[in-house]
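# Turn this into a model:
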Amino acid sequence: MSATTNSLFTDEHLEALNRLACKVLLQAKEMVDYVEESGMSEGHNLEFLESVTQATKIALSKLSKTRERDGEDDGLWDACSFEKAHICMILESESSRWRVRETAFSQGIWAKNKLTLSDLLAVINNKIMALYGTHWEEEDTAIARLNRGYSRFSLEEITRKLQTSTQQAANWRQQIKWDKGVDGAVGTENRIEEREKYLIQVNNALAPMHMIGIILDTMVQIKLAADWVKKDAKWIKQYNNRMFDLRRAEEVKNAKALLSEGLFRKWKGAERRKYAERVSKENNARVWTMKLYLEYGSIVLLDPLWNPIAFGCGNRTADFASYMSYQLQKPLLKRATPEEIARYPGKAVDNEGSKWIPWHYGNKDNNDYVLLELMQFMTGDDTIVTHIEEFLAGDPMATE
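Numbering: from 1, shown residues only. Presented below is the predicted three-dimensional model:
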């Protein structure tokens, strides 16, 4: 068995690794195709397969570069060059990569009418995750909502379904009254059942009020993102350093008193980097929400899932960022009517001999109406409604 000059692996080891890696790639590719063709939507399965494939590709690349650096590129890697090229082409194609997810959420659009007040209440009461079970399905369902848009609700329907969710019926005194009512129930079994009902009742009553805060918060975060993206890296670094010194002043003061000069500098440098990384993630989330708002409009405010606070590794699929890039670059299309072609000049694209436009076009008026009517009903405050209306009429990117 001959050994290579500058490598820990023999030629035979490398050849075996190479062939094994090719087999893994081919098997992964076949499994991805099976999942796609079968219509399965288990996101964790496909993500795992793609992560395995990506890791194998990286390993192949590193091994290949090592052999080339050692002057031992003997054509060994050509054994499955066709298969590797084919697999890379499949996996690096965005259309193929996201076909499963796009098919899943597009079926939820084609087969259904506009969203109703009941759909909105399910979103507000955070019942979507419990219904679908995974972040993969939760995200796809949320994207389907962005495309479907809302129908207009009558005042009677809003009153009937939200009359227990107004501020007057969901205040703290009302909660205490409900709680004391349960205290009078006889027997632990009855009290357990009644207290569970109480918790559901309170959640249903308070969730719409919490929604008001989420909407106002999301608006501020979008405005912050619009200002943030206009700044260069130098300004951002200086700003982060200044904010770190300001917000962590007491902690920095204590560390300086306790540590030697060298250890203090090392500690501060590490803490600044962690702070900057956290701020970067927060602002990335804000920018995603801003981009969604600029594309889809007010319906983004009506969905707590798109509030930047809800973003994060534990709340999103691993490939969420690249998936959203794909969605924003290639939105789902529908065949355009002559009226829609005239209404959206320059927006229609040619496809299959017809003109097509993004599916969500035409939803703005209804979505705006739903948001403003809902806020008017829940708050009864014209100042809040006017503030939101002005936000919808403006352009967050227009400010200097």
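
# Can you give me the buried ones in stretch 378-391?
Met378, Thr379, Ile384, Val385, Ile388, Glu389, Phe391 (16 or more other CB atoms under 10 Å). (Glycine included, C-beta is placed from N, CA and C.)

# name the helices or strands packed onto the helix ranked longest in the chain?
In terms of residue count, the longest helix belonging to the chain (DSSP state H) is helix 188-228. When contacts are defined as 3 or more CB pairs under 8 Å, 6 or more residues apart in numbering; DSSP states H and E, helix 188-228 sits against helix 117-124, helix 172-183, helix 261-296, helix 364-379, helix 382-393.

# Of those, give the one that comes closest to Leu206.
helix 172-183 (8.4 Å; CB to CB).

# okay, the angle between that closest one and helix 188-228?
160 degrees (axes from the mean of the first three to the mean of the last three CA atoms, to 10 degrees).

# CA atoms only: put helix 172-183 into PDB for me.
Extracted in PDB, the C-alpha atoms of helix 172-183 (Å, rounded to 0.1, in the frame of the first residue of the first chain):
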ATOM      1  CA  TRP A 172     -57.200  43.000  35.200                       C
ATOM      2  CA  ARG A 173     -60.400  43.500  37.300                       C
ATOM      3  CA  GLN A 174     -62.300  41.200  34.900                       C
ATOM      4  CA  GLN A 175     -59.600  38.600  35.300                       C
ATOM      5  CA  ILE A 176     -59.800  38.800  39.100                       C
ATOM      6  CA  LYS A 177     -63.600  38.500  38.800                       C
ATOM      7  CA  TRP A 178     -63.300  35.300  36.700                       C
ATOM      8  CA  ASP A 179     -60.700  33.900  39.100                       C
ATOM      9  CA  LYS A 180     -62.800  34.500  42.200                       C
ATOM     10  CA  GLY A 181     -65.700  32.900  40.400                       C
ATOM     11  CA  VAL A 182     -63.700  29.700  40.100                       C
ATOM     12  CA  ASP A 183     -62.800  29.800  43.800                       C
END
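
# buried stuff in that helix?
So, applying 16+ other CB under 10 Å, buried residues of helix 172-183: Trp178, Val182.

# after the longest helix of the chain, next one along is what?
Using DSSP states H and E, the helix or strand that directly follows helix 188-228 along the chain is helix 233-247.

# Which residues outside that following helix are in contact with it?
Trp228, Lys231, Val252, Glu271, Arg272, Tyr275, Ala276, Val279 (CB atoms under 8 Å, 6 or more residues apart in numbering).

# what do you get for stretch 335-348?
Ser354, Lys355, Trp356, Ile357, Pro358, Tyr361, Gly362.

# List just the nearest of those to Trp136.
For the contacts of stretch 335-348, the nearest to Trp136 is Pro358 (22.7 Å; CB to CB).

# That closest one pairs with what?
Leu333 (DSSP bridges).

# Just the pLDDT for it.
Pro358 is assigned 90 on the pLDDT scale.

# tell me the mean pLDDT over stretch 213-226?
94.

# List the buried residues in it.
Ile214, Ile215, Leu216, Thr218, Met219, Gln221, Ile222, Lys223, Leu224, Ala225, Ala226.

# In these, find the pair that's most separated.
Taking CB to CB, no two of those sit farther apart than Ile214 and Ala226, at 18.7 Å.

# Need the contact partners of stretch 142-154.
Under CB under 8 Å, 6+ apart, the answer for stretch 142-154 is 105-106, 108-109, 112-117, 119-120, 123, 128, 292, 296, 299-300, 302-303, 305-306, 327, 331-332, 359-360, 362-363, 366-367, 369-370, 373.
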